[in-house]
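1. Give me a 3D structure for the following:
(2 chains)
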Protein chains: 2
Amino acid sequence: MVKNSLNFSTVPFENIDEFARRINDEFESGKVGYFHLPKGSKKLIEKASVIAGEYEYESVVVIGMGGSSLGTKALYTLLKDKAKLKAYFLDNLDIATCKSVLGSINFNKTLFFVVSKSGTTIETITIFKYIIDKFGIKNFKENFIFITDPDSNLEHFAEKHNARIFHIPANVGGRFSVFSAAGIVPLLFLGIDTKEILKGAKACKKSFFDEKDDSILQKAYHFVTHKSAKTNVLFSYGDKFTHFNEWYVQLWAESLGKRCEYKRVGLTPISLIGSRDQHSFLQLIMDGTKDKTVTFIKVLDWADKDSASNLSLEFLDSCDFTNGLNISEVLNLQCDSTMRAVINEGISTDLITLEKIDEWHCGYLIYYYMLLTSAAGIMLNINTYDQPGVEVGKRILKMMLSK
Amino acid sequence: MVKNSLNFSTVPFENIDEFARRINDEFESGKVGYFHLPKGSKKLIEKASVIAGEYEYESVVVIGMGGSSLGTKALYTLLKDKAKLKAYFLDNLDIATCKSVLGSINFNKTLFFVVSKSGTTIETITIFKYIIDKFGIKNFKENFIFITDPDSNLEHFAEKHNARIFHIPANVGGRFSVFSAAGIVPLLFLGIDTKEILKGAKACKKSFFDEKDDSILQKAYHFVTHKSAKTNVLFSYGDKFTHFNEWYVQLWAESLGKRCEYKRVGLTPISLIGSRDQHSFLQLIMDGTKDKTVTFIKVLDWADKDSASNLSLEFLDSCDFTNGLNISEVLNLQCDSTMRAVINEGISTDLITLEKIDEWHCGYLIYYYMLLTSAAGIMLNINTYDQPGVEVGKRILKMMLSK
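-> Numbering: from 1, shown residues only, chains lettered A, B, ... in the order given. Okay, the predicted model is just below:
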C-alpha cells in the first residue's frame, strides 16, 4: 500500500471539482499519452521479453539525457536488489564519466540503449558516435537498441542498419515516458519485473480516476494556492531514493516552470535525502523564511533488518538509545521526528508511506507523481507537457559553433 | 587562476564598506577559526604525513555526517584522478549502503576515519558500533583514526584505547572544517597534495583580505539585497562537481537559514550539474517565476582532451556541428550558451572560471565559497556559524525512543 497523509487543511470538493473534470478531459482526449501506459505498455513487455531472450549480455548502458534516462535510473536504483545485471547511465556530456564507464564494461557483453525522443539530442548522439569510434562498430544490431519517436531521424538511422527499435509514443513526453519503451525496455532487460511496475501504476490510476481519491488534487491545490511557499521539498528517507528524487526534480521543474500568457509561474523542487540532509538543508527549513512545503517519504518495511549494536562504549553511552533497534526503524523514527519538528514550525508537510520497496510500490509512486504534476499544471493554467525555454540555449550553442 | 565575472551591476564601495569592516573584525577576533586554517593547518600536515607513513592500507572509509564528510567528499570527487587510493563515505544512516560499502572493502587493508565534531553524532556512532560488531574489533589503533573536538567524549573513548586522534579546532564549525583535520587528514592519507589545497585557499584569502578584491562582497550584497530572488542556483559544468555542489548546499542552507530576532531570513541553495540539468531544471529558470540567481562554474582546461567523433551518420548529420571538437570545450560552450540564454531573460548570473581542476584551484574555490557565505551572513545580520534549528528533531527522536 501507498498512503499519503496530508498535514494541512483540505478544501471542500467543489473547490477542486473543476480541476478534476479538466484532468479527466485530458485523460479522455488521448492527447496526453502517459495516462494510458499502465495498460498500453503490456504488449510492449511481451515483445521486449521475446527480444531480451535473444541477447546474451552482462551489463547494460543507457545513453540518454533528462527524461530519456532519469526514470530508468530512478527505478533501477530503487530496485537494484532485484536487477540481475549492472546498469550504467551516460546522462551527461562528461567525457571523464564516459571513459570511466566504457573502461569498466566488457563491450562484447554489453547492451547499449540509445534513448532520444527527438532522435537528435546532441549529447546523446555525440556520445553514441564516440562509442562507435572507440569500439570500431560496424554492426548495430548486436549491441545496440534504439528507443525513439516514430519517424525520428534516429529511427531512420537504426532502420538503415537493421538494428532493433522501440518507439516512445508521440503523445508521451520525455519526462513522462518511464512507463513507455524508454523505461520499460531497459528495465526489462535488466531483469526487473516490469509487469508489476505497471500493475502498481494501474492501482494508482484506478484510485485516482475510478475511486476518486482526491488526495492528489488536494495536495496539488495546496501547493499551487500556497502563495508564500512556492518551493516544494521532497525529503525521502533512504539512499535508494537518490535518483527518484532527481527524477522528481526534473518532472516538477520542467513541467511547472512556464509562462501563462505574459506571466511567469512555477513551483521549485528541492531534493533531500534523510537522514543525511538533516545535517544540511534542514536548518534552512526550520529557521529560514517560511517559503517551502515539505513532503516526506518513508518505507515501512525495509528489506535490510539489521539491528544496531548493543554495545555500550565508555564515554559514548549517551548514544545508546539506538541500541538493539532495527536500524531502518531508527531511520523511520528520524523521519517522524523531523516531520514533527517541521510541523511544529507551522510549515505545511505531508507524508507518503510505502509499505515496502518493490516493483508494484515503485510503479504506484511514479504514477502518483506524474498525476500530481498534471494536476498542478492544470491549476496553474499552463501547458505541463512542453519545454520551450530549453531551446534558446541550444540555438545560441549552434550559433556559437557555426562561427 | 580563479576568475569571477559578475553579470549584474555592482554598488559603490561605500555601500559595502561596513560589511568589509565587520568581516575583518570577525577575522581579527579569532572567534571564527576557518579564516586562519590556510596557515594554521600547515603543522597538521607535517604531523599527519608522519603518521600516514606508519600505515599500510588500500582504501579509506570516512564515517561522518554533514560537514564531517561533505568537504572531504567534495574534494575527493574533484581530485579523484590525483588520489592514490579509493575512498568510501558513510554519511547516512542507511544500512543497505553501509553493508554494500563494508562488503566491498578488505577490512585489514582499510583505514576508517570516524569524524564527529561533537563526538556523539548518533548516526556516526551507530555506524561505528555496527562496524565494531561486524569485524569484532578489539584494537582501535590499527584501523581507526578519530577526528573530533578537543575534550569530546569521542576523544576520551579514543584515548582510552590508545587510538590516533586529530582535533577539529573548537572555533571551526563542521561545515567550515574542510581545511582542518576533518578534511585535510583523510585527504592527505588518500594521497592528495593538501599543501597545495591550502596554498590555493591562502591565495583566495590574500585576494580578499589583503588585495581587497571586492567581488565576493559585491556578489553577497547582490544576493542578499535582491529581494525577489532568494534562491541561488549553482550550475556547475562537469560531473566532478557533484559533491562540491552538495557541500555548497549544506554550507549555504545551514549557514544562512536563520532567525534574526523574530524574523526568519534565508537564502535557498540549488545544485545543478551541466550539461545534464539543461534537460531538467533549466526550463524553470528560463520561463518560471524570476526568483533565482544563477552562478555558473566552468573549467577552462579539462584534463580529458578527447575529441568528438568526425563521423557523419546518415540521417543524423544535423548533429555534426560538434564533430572534431574537444568534447570538454563543447561542454564549456554549452555553459556559455546557457548563461547567455539566462542573461537574455534578465536574470542575475555570474560565472566562476577555474583554469583547471587541481589542488590549488579547489582550495581557492572552497575558501571563496566560505568567504561568500560569511559575507552574506554578516549582511543578513545573523549568526552564520550555528545551527539551532536541527536540534529540535533530535530531541523529539530521543523522546520517541525513550517511550
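2. All the strands of chain A, residue numbers only.
-> A:2-6, A:59-63, A:86-90, A:110-116, A:144-148, A:164-167, A:231-237, A:258-260, A:263-265, A:268-274, A:292-299, A:349-354 (DSSP state E).
3. what's the pLDDT at the residue of the stretch 1-150 of chain A found nearest chain B?
-> As assessed by C-beta to the nearest C-beta, chain B sits closest to A:Gly66 within the stretch 1-150 of chain A, at 2.9 Å. For the C-beta atoms, the positions are set from N, CA and C on the backbone; glycine is no exception. A:Gly66 is assigned a predicted lDDT (pLDDT) of 97.
4. next one: A:Ser402
-> Value for A:Ser402, per-residue pLDDT: 81.
5. so how far is A:Thr121 from it?
-> 19 Å (C-beta to C-beta, to the nearest Å).
6. Between these two, which has more neighbouring residues?
-> More neighbours surround A:Thr121 than the other of A:Ser402 and A:Thr121, with 25 against 7 (other C-beta atoms under 10 Å in any protein chain shown).
7. was I right about that one contacting A:Met65?
-> Yes: between A:Thr121 and A:Met65 there is a contact under C-beta atoms under 8 Å: 5.3 Å.
8. List the buried residues for stretch A:117-134?
-> In terms of neighbour count (16 or more other C-beta atoms under 10 Å in any protein chain shown), stretch A:117-134 has its buried residues at A:117, A:119-132.
9. hmm, it touching chain B?
-> Yes: remark: stretch A:117-134 sits within contact range of chain B at A:Gly119, A:Thr120, A:Ile122, A:Glu123, A:Ile125, A:Thr126, A:Lys129, A:Tyr130, A:Ile132, A:Asp133, by C-beta under 8 Å from any C-beta of the partner chain.
10. Can you add pLDDT and give these back as TSV?
-> TSV is the format used below for these (pLDDT from 0 to 100):
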residue	pLDDT
A:Gly119	97
A:Thr120	96
A:Ile122	96
A:Glu123	97
A:Ile125	98
A:Thr126	98
A:Lys129	98
A:Tyr130	98
A:Ile132	97
A:Asp133	96
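11. Mind picking the one among those residues that's closest to A:Val342?
-> Within the residues of stretch A:117-134 next to chain B, the smallest distance to A:Val342 is 37.8 Å, found for A:Glu123 (C-beta to C-beta).
12. need the contact list for that closest one.
-> A:Glu123 makes contact with A:Met65, A:Asn92, A:Leu93, B:Ser275 under the criterion C-beta atoms under 8 Å, 6 or more residues apart in numbering or on different chains.
13. Could you point out the longest helix of chain A?
-> helix A:359-380 (DSSP state H).
14. Next, count neighbours for the closest residue in space to A:Lys82 that isn't next to it in sequence.
-> With sequence-adjacent residues excluded and distances taken as C-beta to C-beta, 6 or more residues apart in numbering or on different chains, A:Lys82 is closest to A:Ile192, at 5.7 Å. Neighbourhood size, A:Ile192 [other C-beta under 10 Å]: 26.
15. now swap in A:Lys394 and tell me
-> For A:Lys394, the count of nearby residues is 16 (other C-beta under 10 Å).
16. I'd say it and A:Ser118 touch.
-> No: shown here, A:Lys394 and A:Ser118 do not form a contact pair, counting by C-beta under 8 Å, at 10.7 Å.
17. Can you tell me which of the contacts of A:Glu123 comes closest to B:Ser312?
-> Closest to B:Ser312 out of the contacts of A:Glu123 is A:Leu93 (18.9 Å), distances taken as C-beta to C-beta.
18. Cross-check the contact I'm expecting between that closest one and B:Ile327.
-> Yes: assessed by C-beta under 8 Å, A:Leu93 is found in contact with B:Ile327 at 6.7 Å.
19. Just read off the phi/psi values of A:His310.
-> If you look again at residue A:310, you'll see it is Asn, not His. phi -90, psi 0 (degrees, to the nearest 10).
20. could you measure it against chain B, distance?
-> Computed as C-beta to the nearest C-beta, to the nearest Å, the A:Asn310 to chain B distance reads 8 Å.
21. Show the contacting residues for that residue.
-> A:Asn323, A:Gly324.
22. could you list every residue that touches A:Asp35?
-> Quick fix: residue A:35 is Phe, not Asp. A:Phe35 is in contact with A:Glu26, A:Phe27, A:Lys205, counting by C-beta under 8 Å, 6+ apart.
23. Show the buried residues in those.
-> Neighbour-count burial within these applies to A:Glu26, A:Phe27, A:Lys205; the criterion is 16+ other C-beta under 10 Å.
24. one step back: is it possible to get JSON lines of the strands of chain A that adds mean neighbour count and distance to chain B?
-> Shown next, in JSON lines, are those (neighbours: other C-beta atoms under 10 Å in any protein chain shown; distance: least, C-beta to the nearest C-beta, whole Å):
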{"stretch": "strand A:2-6", "mean neighbour count": "15", "distance to chain B": "17"}
{"stretch": "strand A:59-63", "mean neighbour count": "24", "distance to chain B": "13"}
{"stretch": "strand A:86-90", "mean neighbour count": "21", "distance to chain B": "10"}
{"stretch": "strand A:110-116", "mean neighbour count": "26", "distance to chain B": "10"}
{"stretch": "strand A:144-148", "mean neighbour count": "26", "distance to chain B": "11"}
{"stretch": "strand A:164-167", "mean neighbour count": "20", "distance to chain B": "13"}
{"stretch": "strand A:231-237", "mean neighbour count": "25", "distance to chain B": "7"}
{"stretch": "strand A:258-260", "mean neighbour count": "18", "distance to chain B": "5"}
{"stretch": "strand A:263-265", "mean neighbour count": "15", "distance to chain B": "5"}
{"stretch": "strand A:268-274", "mean neighbour count": "25", "distance to chain B": "7"}
{"stretch": "strand A:292-299", "mean neighbour count": "24", "distance to chain B": "8"}
{"stretch": "strand A:349-354", "mean neighbour count": "20", "distance to chain B": "12"}
